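Enquirer: Generate coordinates for the sequence data below:
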Amino acid sequence: MSAQPEITTTGLPPAFPDRAAWGTAKQLRAWQEAALQRYFDTNPQDFLAVATPGAGKTSFALTLAANLLSRRQIDRIIIVAPTEHLKTQWAEAASKINIAIDPSFGVKQGRTSRDFVGIALTYAGVAMNPLALRIRTEGFKTLVILDEVHHAGDALSWGDAVREAFEPATRRLMLTGTPFRSDSNPIPFVRYEPDGAGALRSRADYSYGYGEALADGIVRPVLFMAYSGDLHWRTSAGTEVAARLGEPLTKDLASQALRTALDPQGSWMPAVLRAADTRLTEVRQHVPDAGGLVIATDQTTARAYADILRSVTGKKPAVVLSDEAQASRKISAFADGDERWMVAVRMVSEGVDVPRLAVGVYATSTATPLFFAQAVGRFVRARSRGETASVFVPSVANLLAFASEMEVERDHALRRPGSEPTEEDLLLAAERLETEADADPEKGEFAALASEADFDRVVFDGGEFGLSARAGSDDEMDYLGIPGLLEPDQVKDLLRRHQAQQVARGPRPEQAERSTHTELRALRKELNGLVGAWHHRTDQPHGVIHAELRSACGGPPTAAASAVELQQRIDLIREWAVSQRG
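Expert: Alright, predicted model coming up:
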């Protein structure tokens, strides 16, 4: 066996012809050194590295590229990334060790300046002309770096293009930091092995999970601040529904409840954004440049959330929209500055490096494990010991499950044609059907009518802490006021202490004279709770129960009903319960 190159603490081999030409390399982390050693022990053509967001995949990949260049094992580099912004981010990172990458390369131009040793393009760019890239790849000893390689499985055409373009590459390095989805599209150049259950599962050459990175102090622990609340909406079929976010609902109703909560015209989002800004203020007492990010579903709601934040903070937040020419520049400016908030749709969901992000608001209706992990990954990069991240999420069962399973590692399960769809398949299908239903001219439009937010609980390190509390209450402030610099054990101890104090205090005494708003809110909450209980007893839909109560008692929908009308409906449904027991 031939001798393998020695890996030094800088990541550059001792045989490197001109070490100064590459600039000053950073000290490698232990996992990066181990992954490099694994690579050179096997000297593979294809290598898949799975590492949690924030662990340093880019540094690892560029160090490996420097090694291969210095050994004359490659002489060109092609980097493929999911977005335009990430192309530039890769080029800037490479320039720090004097590897010149052209992020503006266009497939149609065919050539680039001799000053560049490589190019960067997107997966969509590869699909535009894979044959031209194949010719380019064949013409040199080429290293292809496929960043967030699961995107090559997003569409069959993308996967085919990646395979055609880079099949003749001398070396291929695949990177991902998020769980692969389960589908029937194989990811090019990824190795699959039988899992014993009749399916094939991806096999990584080196893995470094969130749990390991957390133990090593490379990533931050995440506090998930979950918010529930009372909601009222009208379906596209014209049925009015009132429910509580987080209570057991059908998939359709749960999706509609989430959309209602995220509606910027209701009271839920403003309350959650105020809470998130309060949390950011606390964190900035310890980390002065800490920033916050709101991840929105679409551009319209992104702008509306920005208006709410402006009214809360007195300052206009940065708004990043994917179709804006200046989007990449805005992200870079925010990363280098000290502004409090940025609002984005999908631009900052994956791979984008803004280390000062410490507080997030997950305000998107996309609820798949892959997207959730990508989004949360924006907040976990640690800069100093004791930093924590806080992500505000709707109290929805699947999102809370994702939050409690942060340390679970997932491979790509390749399903056989005709096999049963996975939960993620069903979620994606439900989102598509919902969008199609809203666009159906034969039906009415979905409408969010009213929403109120309540603090529900904190999910941390797989555990749940806290009891439901009114937004803006002292109980909520106990959790929002957790110091921004604490060790994970200290965070857990403090959460337990707050929960014990909350239990010991018991229900807060109501004010002698409640405002009309508070009184109506309490009555709506009680009514919705009773409707939920009746639904579980009878299997009648929530909307049907509300309609029967309204028909029997008279009056407008729940959101517009008076205190007297709400009390009449409460009394009636209680009578139903008594009659059924009798």
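Enquirer: Could you chop this protein up by domain?
Expert: Under automatic domain parsing, the residue ranges defining each domain of the chain are 19-215, 222-384+446-505, 516-581.
Enquirer: Pass me the low-pLDDT residue ranges in the stretch 301-450 of the chain, would you?
Expert: The model of the stretch 301-450 of the chain has pLDDT under 70 over residues 323, 325, 346-352, 407-444.
Enquirer: quick one, phi psi at residue 525?
Expert: phi -60, psi -40 (degrees, to the nearest 10).
Enquirer: all helices of the stretch 301-450 of the chain, in order?
Expert: With helices called from DSSP state H, counting those that start in this stretch, the stretch 301-450 of the chain shows them at 327-336, 369-376, 397-404, 423-438.
Enquirer: quick one on the thing from earlier: TSV for the domains of the chain, including distance to residue 397 and mean neighbour count?
Expert: All C-beta spots, glycine's among them, are computed from the backbone N, C-alpha and C. Formatted as TSV, the domains of the chain follow (distance: least, C-beta to C-beta, whole Å; neighbours: other C-beta atoms under 10 Å):
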stretch	distance to residue 397	mean neighbour count
domain 19-215	18	19
domain 222-384+446-505	7	19
domain 516-581	14	16
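Enquirer: Redo the ones you listed as CSV? Include distance to residue 398.
Expert: Shown next, in CSV, are the domains of the chain (distance: least, C-beta to C-beta, whole Å):
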stretch, distance to residue 398
domain 19-215, 14
domain 222-384+446-505, 6
domain 516-581, 19
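Enquirer: how close does residue 327 sit to residue 371?
Expert: Using C-beta to C-beta, to the nearest Å, residue 327 is found at 19 Å from residue 371.
Enquirer: Oh, that last question was meant for residue 338, not what I typed.
Expert: Separation of residue 338 from residue 371 (C-beta to C-beta): 28 Å.
Enquirer: Which helix or strand contains residue 520?
Expert: helix 516-538 (DSSP states H and E).
Enquirer: can you check residue 225 too?
Expert: strand 222-234.
Enquirer: buried ones in stretch 387-405?
Expert: Buried residues in stretch 387-405, defined by neighbour count with 16 or more other C-beta atoms under 10 Å: 387-396, 398-400, 402-404.
Enquirer: distance between the ends of it?
Expert: In stretch 387-405, first residue to last residue: 20 Å (C-alpha to C-alpha, to the nearest Å).
Enquirer: how about residue 292, what does it touch?
Expert: Counting by C-beta atoms under 8 Å, 6 or more residues apart in numbering, residue 292 touches 276, 277, 280, 340, 341, 342, 357, 358, 359, 360, 361.
Enquirer: Secondary structure of it: a strand, I assume?
Expert: Yes - under DSSP: H, G, I helix; E, B strand; the rest coil, residue 292 sits within a strand.
Enquirer: Would you check how far apart it and residue 177 are?
Expert: 22 Å.
Enquirer: all helices of the stretch 1-150 of the chain, in order?
Expert: 30-42, 57-70, 84-95, 123-128, 130-138.
Enquirer: Averaged pLDDT, the second one. What do you get?
Expert: Right, the one you point to is helix 57-70. Mean pLDDT, helix 57-70: 95.
Enquirer: Return the list of helices and strands in contact with it.
Expert: On a contact count with 3 or more C-beta pairs under 8 Å, 6 or more residues apart in numbering; DSSP states H and E, helix 57-70 meets helix 30-42, strand 46-51, helix 84-95, strand 142-146, strand 171-176.
Enquirer: Contacts made by the third one with the rest, please.
Expert: Just to be clear, that refers to helix 84-95. For helix 84-95, the external contacting residues (C-beta under 8 Å, 6+ apart) are 58-59, 62, 65, 79, 81, 100-103, 118, 120-122, 147, 327-328, 331-332, 347, 351-353.
Enquirer: hmm, try it at 7 Å
Expert: 58, 62, 79, 81, 101, 103, 120-122, 147, 327-328, 331, 347, 351-353 (C-beta atoms under 7 Å, 6 or more residues apart in numbering).
Enquirer: go on, the shortest one?
Expert: Strand 142-146 is touched from outside by 61, 65, 68, 74, 76-80, 137, 152, 166, 169-175, with contacts defined as C-beta under 7 Å, 6+ apart.
Enquirer: Let me see the mean pLDDT of that strand.
Expert: Strand 142-146 comes out at a mean pLDDT of 98.
Enquirer: Chain neighbours aside, what residue packs nearest to residue 194?
Expert: The shortest distance from residue 194 to any non-neighbouring residue, by C-beta to C-beta, 6 or more residues apart in numbering, is to residue 200 (6.2 Å).
Enquirer: Quick one: distance of whatever helix or strand residue 464 lives in to the chain centre.
Expert: Assessed by DSSP H and E, residue 464 sits inside strand 463-465. Per C-alpha atoms, centre = their mean, to the nearest Å, the displacement of strand 463-465 from the mean C-alpha position of its chain is 20 Å.
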